[in-house]
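>>> How does the following fold in three dimensions:
(4 chains)
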4 protein chains.
Amino acid sequence: MLNIAVIGCGYWGPNLIRNFNELDNVRLSVVSDLRSDRLRLMQKKYPGVDVTLDHNEVLNNPEIDAVALATPVDTHFELASIAIKNGKSVFIEKPLTASVTEAEELIELSQKYDKTLMVGHTFVYTGAVQRIKRLIDDGTLGDIYFFDSVRINLGLFRPTVNVLWDLAPHDLSIMDFLLEGEPEYVSAIGVSHFNTGIENIAYISVYYPNNVLGHVHVNWLAPVKLRKVLISGSKKMVVYDDVEPDEKVKVYDKGIFLDDNPDNTYQKMVGYRIGDMYAPKLDGTEALRFECAHFVDCVRDNKTPLTGGEAGLRVVRILEAAQMSLNNNNQKVDIRCSKKLPTMSRLEKTVESSTLSTSMAAL
Amino acid sequence: MLNIAVIGCGYWGPNLIRNFNELDNVRLSVVSDLRSDRLRLMQKKYPGVDVTLDHNEVLNNPEIDAVALATPVDTHFELASIAIKNGKSVFIEKPLTASVTEAEELIELSQKYDKTLMVGHTFVYTGAVQRIKRLIDDGTLGDIYFFDSVRINLGLFRPTVNVLWDLAPHDLSIMDFLLEGEPEYVSAIGVSHFNTGIENIAYISVYYPNNVLGHVHVNWLAPVKLRKVLISGSKKMVVYDDVEPDEKVKVYDKGIFLDDNPDNTYQKMVGYRIGDMYAPKLDGTEALRFECAHFVDCVRDNKTPLTGGEAGLRVVRILEAAQMSLNNNNQKVDIRCSKKLPTMSRLEKTVESSTLSTSMAAL
Amino acid sequence: MLNIAVIGCGYWGPNLIRNFNELDNVRLSVVSDLRSDRLRLMQKKYPGVDVTLDHNEVLNNPEIDAVALATPVDTHFELASIAIKNGKSVFIEKPLTASVTEAEELIELSQKYDKTLMVGHTFVYTGAVQRIKRLIDDGTLGDIYFFDSVRINLGLFRPTVNVLWDLAPHDLSIMDFLLEGEPEYVSAIGVSHFNTGIENIAYISVYYPNNVLGHVHVNWLAPVKLRKVLISGSKKMVVYDDVEPDEKVKVYDKGIFLDDNPDNTYQKMVGYRIGDMYAPKLDGTEALRFECAHFVDCVRDNKTPLTGGEAGLRVVRILEAAQMSLNNNNQKVDIRCSKKLPTMSRLEKTVESSTLSTSMAAL
Amino acid sequence: MLNIAVIGCGYWGPNLIRNFNELDNVRLSVVSDLRSDRLRLMQKKYPGVDVTLDHNEVLNNPEIDAVALATPVDTHFELASIAIKNGKSVFIEKPLTASVTEAEELIELSQKYDKTLMVGHTFVYTGAVQRIKRLIDDGTLGDIYFFDSVRINLGLFRPTVNVLWDLAPHDLSIMDFLLEGEPEYVSAIGVSHFNTGIENIAYISVYYPNNVLGHVHVNWLAPVKLRKVLISGSKKMVVYDDVEPDEKVKVYDKGIFLDDNPDNTYQKMVGYRIGDMYAPKLDGTEALRFECAHFVDCVRDNKTPLTGGEAGLRVVRILEAAQMSLNNNNQKVDIRCSKKLPTMSRLEKTVESSTLSTSMAAL
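Numbers count the residues shown, from 1 in each chain, chains lettered A, B, ... in the order given. Down below sits the predicted model:
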């Protein structure tokens, strides 16, 4: 029986609490928040769970095996560091940390203390993204040309983060999971209206090797809710529309073909091909349930999570570079120099991925 | 009776030919193209029209009052210059020219010879864009925050232009018509796959004064056809979806409001408001018909066109700057210095706009 | 404090339990079901609630003020009769009863014992249907021409009821709430595949006075989920699409106009008009919450429910006649002769409606 | 070179004229209409074609090989009879005739004079319907359970026909082409608003053997344009949405399965299955082009058309029975007794169908 505590009962914490509470062989023992009204609400719903206004009670409690953080990003590093040093595994809501330095340090700490460090890149655990990953891994899509993600809505302004740090982690974590290779450059633009100094619109470009371009549009000021990812490959193309109730993923048998005959004029050399479309049936289980169960598995069996500290770091690296570009006339930021991680990380990810697929299928 | 000639019978030319042919008090007298098979096709459809393989016959023909060019962009300047010098008014398909310098020179020529110069910014003449313009002009939308346009499809690669020069003129001409003020900076990114050196994906950002951001995504490699414009204002927000058969324009009573009470925490200071949505009935007449009729009106009555040389120049200026940014690590390009045009141009545009509305309503 | 018991914890019962449990001034004291596993599940979620396998314990418990039934339709009459005779108010999931005779007897019983009898016509309590009702009542739609409802899906076959009795109560209760006047005739067709003798497709026609036609298509064998209501009036027309996440109700300024000039040919006498469309903002509160709160209000203050026994009877009358037509070569069934209810019922309904709107607004 | 004349230049005639004019080895020689302004319009567009106000000039002209009728339905029989007797093949816009008797007589005439008689069931020649036909013929869909078609819009009222005779021929001709076996019973309901005595809403049910149900909803008073066909089979289900610009046909791997284990309760005996969906690529050629070319082929080579007189008769038989039911309290009308046609007709149709597929592929 694993003892888990959740710190933070705001917007997202209650979802973690609900899922950890429903897992077998797990005891959700303590919930912590700075607001007593939030705690009262949790206590009413889960009478068996302890609550506390002081998160140090959680961090210092030797009976807690693992801590899940659903707190503002600027608190992640401190809370997680103490937890790890106190011998606890840690699950952190995305983004992992507020800076690359913090993320790198957390990863080192987790390795030193041999504790599981996992980031809540929840979309990676959806049936949709898992299915697309398989379409890429088995070669169905062919070589990837671009990844374009739009995530816009009339969204609540937040006091401590801009739209880049608030929404883009979703898209960047999906992109990080799907695309091969490490991105090389990042550029971004953004605008802050209302004199708040907090950007409410941002466009982020991420350059991967081999001319693969990633692009993300996040926006708190849009009249309609769009959550649409386009991925074009040399063999097939995918549209992933998360707002659709059914048929979230559509695979198009469309493509560009090149005619290598050197005698042809240019116009004859590039043509396009249009065939059937199909929408694969997707696993409809709540992604967060998979994610929480996967965290518990990793803690118990000391496995590397599918979205471990390194995945969290890769996303934070893009966010940090995007913010830098945004502050400097959109100039491209080179993120190649900052690579310190072993090149094995990618390989592990792929292996882990197939393991997860099995465990997801078994659930 | 106005004598009009059309040069270029490729993809778009036949549409101009069909429309000019149907107008009253206009005689479509000559059609020219370098390909005899295209001319035969036109001759079969319009037995009364002369055809020629030599456009100089058109340009030197004193009986021709006006020439419409539907030829590749790199021919626009030369053909138009000769036509104007030979005393003809000129209608040019977008983009007006291949460079700012050419555009400025054409405008000067047209003023010197007192001939009408008009660019085919066809979307400006749609019921949808005209309706949105009115929503902005009458204050319904309030202050504009951003303009975001996506125009993607699996498109035919073109030998001489990239996707920026091929598709973006549509979006930029709509944006230029709708937004007040002159843009100050432009940045762009793009990628060329297939070793053609011709970009097939591009993202263009245009910075207007007062934090108004314009953004355009054009793409020849997308599996689905999207033609969607989002415009957010302080009072209402608009979605213009050109792929929708009905209800192309939707006006959302949504917005952000600010609470000025300094005692409130930030979180309480920004809230949002959601009300009804409505889709105004739009004039369904073919935009090109209005455009051609407007050109004829302007030639006959010596009026300034709604999309005259200056509108064409403004779009070319953004295209040229975007290409420069795209070639230089996405860096912002300052386009303020290049302004030579009288500030009256805006005023004229607005006046002209209401005139057109009247004439459109009268048609 | 009102003591409420729920009998039946299958598919729908847990929703009633959840809502009654969250209401103020209400105590959900007992839950009953024939299956002990369902009871265990409820006990885990609601530790303070008693459970019992024997519904008689509920019906005979003098401390219970009101009983909500979420049991198969053929048990409604017996359970409700006993409850009323034992001095309890009763809430019954739709359809009210399995026959007109049963419904009429229940109404009499509830009047004799002066107890609240309410039927769970939940759609009536949605923001969408309430909004359409107001559009009709305030004359926005004008005279109603027809009501067409499609409710199809790949649905689970049920052992005791056909698709008519399973799905059509939703549509018929919406229609009953919106249309004025008592229906006069009913006809229906249906098909049973799979040799089950249980119809899985049905089309029901309901004839109201003044040529107003109601039509319902229910289907368990459809590949896609459709829940679409069309209502055309002389002034405006409405589409209510319950599958849409936003903009469920669209109001079209469309219509037919008649030219009374007798000199005109027929073709000129009927024309159509197309104007703007708008989608009103709807109250997004869960309809079931309103419904449960309304039941509690009616019990406490001895008020007539918006969907009382008579509304339930009107729907059962149509269902019974539809089944009769379905069994007899689709022939029209006259349901005028069976009218026994006082003509005041309509009036009360309208009055009650505005009361509800107020209380819905106040919640 | 085949000489063809078109009688009727109203709404649809010009489409026939345009298509016959574009075919090779065909000479569109004469166009006839009672309105001189319609003839002037045609003459302007097709200067080489003769026009006449007197259709007898067409019918008596020995140089005309075939006549296409796009005139009101009540003129079909008379015009076609004369044409056939004068040795001409005849193409008739749907519905073939105004009554079963007329249709039967025309078929006899065409056989006696050995002339081609074809009806304009245009939807049969669309890529969508041809594709669905193949899905049925190759067993992909399995046994068909039902066919449901909705064709509604705000439509122009017509002076001489009701919505049943105006719109339903489209749906009935698609159904006739796709479903095997002869229908046995028909019932229909309808309403006439506006005191015109002309129904503007109709629901038609057609009973095929083996519990296969066809249903058609046609409506001139609907606020939105719907053109949707649902077909459920034992293996797969199809949605054909003609309003969709792309992906008009979607094939769902969904179905009901039966568990034959007699020990199971009913509820376990019927379950459902959900798999992938796919949208096959469709031939996008204009259906009318295929249809006109097919007519010319049949005339020249003396072949039986895919939509010959018998297909036209089958549709008229349903229309006539539906009108009878509509006038008689929706009672089922037995149309089995009226069958006079040789049972070979079905076989021929299937054979012809595959031939057409080949010729369509070859075009």
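
>>> what sits against residue A:273?
Taking CB atoms under 8 Å, 6 or more residues apart in numbering or on different chains as the definition of contact, the neighbours of residue A:273 are A:253, A:254, A:255, A:256, A:257. C-beta coordinates here come from the backbone N, C-alpha and C atoms, glycine included.

>>> Out of those, which comes closest to chain C?
Using CB to the nearest CB, residue A:253 is the member of the contacts of residue A:273 that lies nearest chain C, at 21.4 Å.

>>> In space, what's closest to the residue of chain A found nearest chain D - neighbours in sequence excluded?
Taking CB to the nearest CB as the measure, chain A has residue A:278 as its residue closest to chain D, at 3.6 Å. Counting by CB to CB, 6 or more residues apart in numbering or on different chains, residue A:278 lies nearest to residue D:278, which is 3.6 Å off, once chain neighbours are set aside.

>>> The helix or strand harbouring the one you found: what's the following helix or strand?
Element membership of residue D:278 [criterion: DSSP states H and E] is strand D:270-279. Past strand D:270-279, further along toward the C-terminus, the next helix or strand under DSSP H and E is helix D:287-301.

>>> what does the average pLDDT come to for that following helix?
Per-residue pLDDT values over helix D:287-301 give a mean of 97.

>>> which strands and helices sit next to that helix?
Packing partners of helix D:287-301 (3 or more CB pairs under 8 Å, 6 or more residues apart in numbering or on different chains; DSSP states H and E): strand D:2-7, helix D:13-22, strand D:66-69, strand D:89-93, strand D:117-120, helix D:344-362.

>>> Walk me through the regions of the stretch 201-350 of chain A where pLDDT falls short of the threshold, as ranges.
Using pLDDT under 70 as the threshold, the predicted model of the stretch 201-350 of chain A has low-confidence ranges A:258-270, A:337-350.

>>> now the strands for it?
Using DSSP state E, counting those that start in this stretch, the strands of the stretch 201-350 of chain A run over residues A:201-207, A:213-219, A:221-233, A:237-241, A:249-258, A:270-279, A:333-334.

>>> next one: the last one to chain centre, how far?
Centroid displacement of strand A:333-334 relative to its chain, using CA atoms, centre = their mean, to the nearest Å, is 22 Å.

>>> Partner strands of it and their direction?
The strands beside strand A:333-334 in its sheet (DSSP bridges) come out as strand A:185-191 (antiparallel).

>>> what angle sits between the partner strand and strand A:213-219?
20 degrees (axes from the mean of the first three to the mean of the last three CA atoms, to 10 degrees).

>>> So for strand A:185-191, mean pLDDT?
Per-residue pLDDT values across strand A:185-191 average out to 95.

>>> next one: stretch A:40-53
On average, stretch A:40-53 scores 89.

>>> What are the contacting residues of that stretch?
Contact partners of stretch A:40-53, identified using CB under 8 Å, 6+ apart, comprise A:9, A:14, A:17, A:21, A:28-34, A:36, A:39, A:58, C:47.

>>> top of the residues you listed by neighbour count?
Taking other CB atoms under 10 Å in any protein chain shown as the neighbour criterion, residue A:31 ranks highest of these with 28 neighbours.

>>> could you check whether the one helix or strand that residue maps to is close to chain C?
Secondary structure assigned from DSSP H and E places residue A:31 in strand A:26-32. No. For strand A:26-32, no contact with chain C is found by CB under 8 Å from any CB of the partner chain; the gap never falls below 14.2 Å.

>>> And for residue A:334, the neighbour number?
Around residue A:334 there are 12 residues (other CB under 10 Å).

>>> Could you find the closest non-adjacent residue to it?
Closest residue to residue A:334 in three dimensions, ignoring its sequence neighbours and counting by CB to CB, 6+ apart: residue A:185, at 5.7 Å.

>>> swap in residue A:26?
Closest residue to residue A:26 apart from its sequence neighbours, by CB to CB, 6+ apart: residue A:2 at 5.1 Å.

>>> residues contacting the nearest residue to residue A:126 once chain neighbours are set aside?
Using CB to CB, 6+ apart and skipping the chain neighbours, the partner closest in space to residue A:126 is residue A:287 (4.3 Å). Neighbour list for residue A:287: A:122, A:123, A:124, A:125, A:126, A:127 [criterion: CB under 8 Å, 6+ apart].
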